[in-house]
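>>> Sharing a sequence plus its predicted fold:
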Amino acid sequence: MTPASKQYLHPEAVRRIGRLELRARHIVEGVLSGMHRSPYFGQSVEFLQHRQYAPGDDLRHVDWKVWAKQDRLYVKQFEEDTNLRCTLLVDVSASMAYGQGPLNKYDYAATLATSLAYLLFKQHDSVAALTFADTIRDRTPMRNVPAALAGIVGCLDAHQPDHKTDAGAIFQEVAETSARRGLMVVISDLLAAPESTLRGLRTLRQRGHDVLVLQVLDDDELDFPFDGPTRFEGLELPRHVNCHPRTLRAGYLQALEEFLTTLRRGCARDAVDYALVRTSQPFDAALAAFLCRREARRRNVR
């Protein structure tokens, strides 16, 4: 791995993010900006109610038709479309170090997270990042200025994949400590007990958060292309297996499909958006697909 490849916003990444923004801008504006409405009042296009005029109120909001009928000054109040608050939860456990391509799973996940943060900052949305394994490793404050992107990149680059995953406990902790509702984007291989993982995701949903899961897996993990005598070593457990992969392939793929089906069904049951992403898939295409799914879902619930 060269130093340049560890810079998640190296020139090629910037170009690809730019292309993604151009392709997805019309979807982004309709899906990400103002996904959650606020009870606070502000300037918007959706009328809420009247209140009596007070010195200093903007005269542009005076309802002159009401004044003509009642000889009293009232101003219009509007419901404020607040910017989205998004927390990026990125897995930095040992299993994320696996990868045979130009980027391992963690590099790919960090690129996805950085790209999404870039798009959100462009829309003046608020973003925070959090890396986790068995504990929360690092986090950034919720901010809505483009300059905060450097802090997110620094957070993602501060730790290398290590230790076991305890995703379910992390999600529980985040749910208990997040005072305001928002979008929680989980980027992880989710290689942990699915029951615990789903329980944590369910808690996030029960606390009112919108939850998106991007499960990042390497082609090797999904296709099991190995041939010839091979030694498989655990990344999160001190175990290894010496075997001929052909004898394991059918059983492995069946177990993998059962594992993925459990996650997909659990997420669907709890209204958690779920997507499986291969590390061989261009990350701009992965994010564009996500935005399309979000837009389709938004239209379906209207």
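Thanks, I have it.

>>> can I see the domain layout of this structure?
3-35+83-300, 37-81 (automatic domain parsing).

>>> a markdown table for these, including mean pLDDT?
Listed next are the domains of the chain as a markdown table, based on pLDDT from 0 to 100:
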| stretch | mean pLDDT |
| --- | --- |
| domain 3-35+83-300 | 81 |
| domain 37-81 | 63 |
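
>>> now, of these, which is deepest in the fold?
Highest mean neighbour count of these: domain 3-35+83-300, a mean of 18 (counted as mean count of other Cβ atoms under 10 Å). All C-beta atoms are positioned from the backbone trio N, CA, C, and that covers glycine.

>>> all helices of this protein, in order?
Per DSSP state H, the chain carries helices over the ranges 11-31, 64-70, 105-122, 149-157, 167-177, 194-206, 219-223, 249-269, 283-300.

>>> Dump those into a markdown table; add distance to Leu88 as well.
A markdown table is the format used below for the helices of the chain (distance: least, Cβ to Cβ, whole Å):
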| stretch | distance to Leu88 |
| --- | --- |
| helix 11-31 | 15 |
| helix 64-70 | 46 |
| helix 105-122 | 5 |
| helix 149-157 | 7 |
| helix 167-177 | 11 |
| helix 194-206 | 13 |
| helix 219-223 | 22 |
| helix 249-269 | 18 |
| helix 283-300 | 12 |
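
>>> Mind checking these for the one nearest to Ala275?
For Ala275, the closest of those is helix 283-300, at 5.9 Å, according to Cβ to Cβ.

>>> Quick check: the gap between Asp210 and Thr197.
18 Å (Cβ to Cβ, to the nearest Å).

>>> wait, I meant Met96
Distance from Met96 to Thr197, by Cβ to Cβ: 15 Å.

>>> what does Ser115 give?
Distance from Ser115 to Thr197, by Cβ to Cβ: 24 Å.

>>> Ok, Arg269 next?
When distance is defined by Cβ to Cβ, Arg269 is 13 Å away from Thr197.

>>> Mind listing residues that contact stretch 218-231?
The contact list for stretch 218-231 (Cβ atoms under 8 Å, 6 or more residues apart in numbering) reads 98-101, 104-105, 189, 240-246, 248-249, 252-253, 256, 278-280.

>>> redo that, cut-off 10 Å
Under the criterion Cβ atoms under 10 Å, 6 or more residues apart in numbering, residues 95-96, 98-101, 103-105, 108, 189, 191, 217, 232, 240-246, 248-253, 256-257, 260, 276, 278-281 lie in contact with stretch 218-231.

>>> Stretch 132-139 too?
Stretch 132-139 is touched from outside by 87-96, 128-131, 152, 154-159, 161-167, 169-171, 173-174, 177, 186, 188, 192, 236, with contacts defined as Cβ under 10 Å, 6+ apart.
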